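Peer 1: A structural model of the following input is requested.
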Amino acid sequence: MAETVRLVAPATIQKNPENPRLIFRSDELASLEKSIKEQGILVPLTVYEDKSYFVILDGERRWRCATKLGLARVPVIVQPKPDRLQNIMMMFAIHKARADWDPLPTAMKLDQLRGVLEERYGRAPTEIELAAAASMDRGEVRRNLRILALPERYKRELMAELEKPRPQQTLTVDNILESVKGASSLRKRDIITASEERQLSEALVDKFRRRKLSSTVEPRLLPKMSRAVERGDVSVQAARTAIKRLVEDPDYTVKTAYSRVVEISDLTHGAETQAERLATRLQELQEREVEVSGGLRTSLLSLRRLISSILRDA
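Peer 2: Sure thing, here's the model as predicted:
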């Protein structure tokens, strides 16, 4: 049986308190408002009836624009009233394909869904159960849980940032997640302390805020640095020196720190390997009493001068 479209007054419609979408940017609404003004609402809102009013399941942006335009009626399709768990699950399912959902509000609503499921089951839901209820895969659930674990100061700033038009935003959830993860990798290997971890993550976030870091994944070089320390390729002191400068120098980037610590270490290790191979060859020449002359002699004399210079400067 086909669903019946009804025409109702926007004033009889209310937004859904369980909608994971909290941010409605004025520039995006303006574009939709223009379309509705010219063509009307082409896709009916999906609502449920609750006492004397309707609650939106899908179409809050269309409803906001219709209200602002002063439309007398809007088309709706009325669904049966869900309970709270069903309501949250439906909101996630309806909007699953929406690419413009902001991560932080979505994570906050996922946390509420987790609480409702815990009441229903009498225990905390598993990751699989939470993913199924939210129409997400487990990777998306884990990402949202990492967002929920961010310090409150970052969540507050992100919410303020989300109110801006997208081109004006300077800080994203991923900027903060990568900064926190990078700093944490160094603390977990006891390269820095907990207080230094906080200082570093805040310094990295500030660099993103001021656009000194342009690549969101740049902080991923820090776990590579920590692994290099663990292998013994980089000294703890060298890593700490680089981290100290990252914190104190507002223009110093992770990429520069990494190249000056890890890449120089790789270069040194490579030179050490080559020096050992050369020493083996020279020892073989000496054991065979080969006369060193011509181009070989010239090359060795040049190498001796270079080695003397390096050792003198070291």
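
Peer 1: okay but V78 is in contact with E49, surely?
Peer 2: Yes. V78 is within contact range of E49, at 5.7 Å (criterion: C-beta atoms under 8 Å). Where you see a C-beta, it was placed from the backbone N, CA and C, and this is true even at glycine.

Peer 1: neighbour-wise, which of those two wins?
Peer 2: More crowded of V78 and E49, by other C-beta atoms under 10 Å: V78, with 18 against 15.

Peer 1: helix, strand or coil for the more buried one?
Peer 2: Of the three states, V78 takes strand under DSSP: H, G, I helix; E, B strand; the rest coil.

Peer 1: give the contact list for it.
Peer 2: 4, 6, 47-49, 54 (C-beta atoms under 8 Å, 6 or more residues apart in numbering).

Peer 1: Please determine how far A275 is located from L296.
Peer 2: Note on A275: its distance to L296, by C-beta to C-beta, to the nearest Å, is 17 Å.

Peer 1: If you could redo that for P75, that was the one I meant.
Peer 2: 90 Å.

Peer 1: between these two, who's got more neighbours?
Peer 2: P75 (17 against 13).

Peer 1: Spit out the contact partners of the closest residue in space to the more buried one that isn't next to it in sequence.
Peer 2: Computed as C-beta to C-beta, 6 or more residues apart in numbering, the closest residue to P75 that is not its neighbour in sequence is P44, at 3.9 Å. Residues near P44 by C-beta under 8 Å, 6+ apart: 5, 59, 74-77.

Peer 1: Most neighbours out of those, which is it?
Peer 2: With neighbours defined as other C-beta under 10 Å, the most crowded of those is V76; it has 27 neighbours.

Peer 1: still on that earlier bit, state the pair within the contacts of P44 that is farthest apart.
Peer 2: Greatest spacing in the contacts of P44, by C-beta to C-beta: V5 and G59 (12.4 Å).

Peer 1: shared neighbours of those two, which are they?
Peer 2: Here V5 and G59 have 44, 76 as joint contacts, going by C-beta under 8 Å, 6+ apart.

Peer 1: How are the helices of the stretch 51-200 of the chain distributed by residue range?
Peer 2: 60-69, 84-94, 103-121, 127-133, 138-148, 152-162, 173-188, 194-209 (DSSP state H, counting those that start in this stretch).

Peer 1: ok, residues contacting the following helix or strand past the last one?
Peer 2: Secondary structure here is assigned by DSSP states H and E; on that basis, the next helix or strand after helix 194-209 toward the C-terminus is helix 221-231. Contacts to helix 221-231, defined as C-beta under 8 Å, 6+ apart, come from residues 181-183, 185-186, 188-189, 191, 234-236, 239, 242, 254-255, 257-258, 261-262, 265.

Peer 1: Beta-bridge partners for the closest residue to I94 other than its chain neighbours, please?
Peer 2: Nearest residue to I94, sequence neighbours excluded (C-beta to C-beta, 6+ apart): D58, at 4.8 Å. Counting by DSSP bridges, D58 is bridged to T46.

Peer 1: hang on, D58 packs against L45?
Peer 2: Yes. Here D58 lies in contact with L45, judged by C-beta under 8 Å, at a distance of 6.6 Å.

Peer 1: who has more neighbours, those two?
Peer 2: More crowded of D58 and L45, by other C-beta under 10 Å: L45, with 24 against 20.

Peer 1: residues in contact with that one?
Peer 2: Counting by C-beta under 8 Å, 6+ apart, L45 touches 13, 56, 58-59, 62-63, 74-77.

Peer 1: between those residues, which is nearest A133?
Peer 2: For the contacts of L45, the nearest to A133 is D58 (18.0 Å; C-beta to C-beta).

Peer 1: Can you give me the distance of I77 to D58?
Peer 2: 9 Å.

Peer 1: Name the residues contacting each of these two.
Peer 2: Counting by C-beta under 8 Å, 6+ apart, the contacts common to I77 and D58 are 45-46.

Peer 1: buried set for the longest helix seen in the chain?
Peer 2: Assignment by DSSP state H gives helix 264-287 as the longest helix of the chain. Residues of helix 264-287 classed as buried: S265 (neighbour count, 16 or more other C-beta atoms under 10 Å).

Peer 1: Stretch 47-64 too?
Peer 2: For stretch 47-64, a neighbour-count test (16+ other C-beta under 10 Å) marks 47-48, 54-64 as buried.
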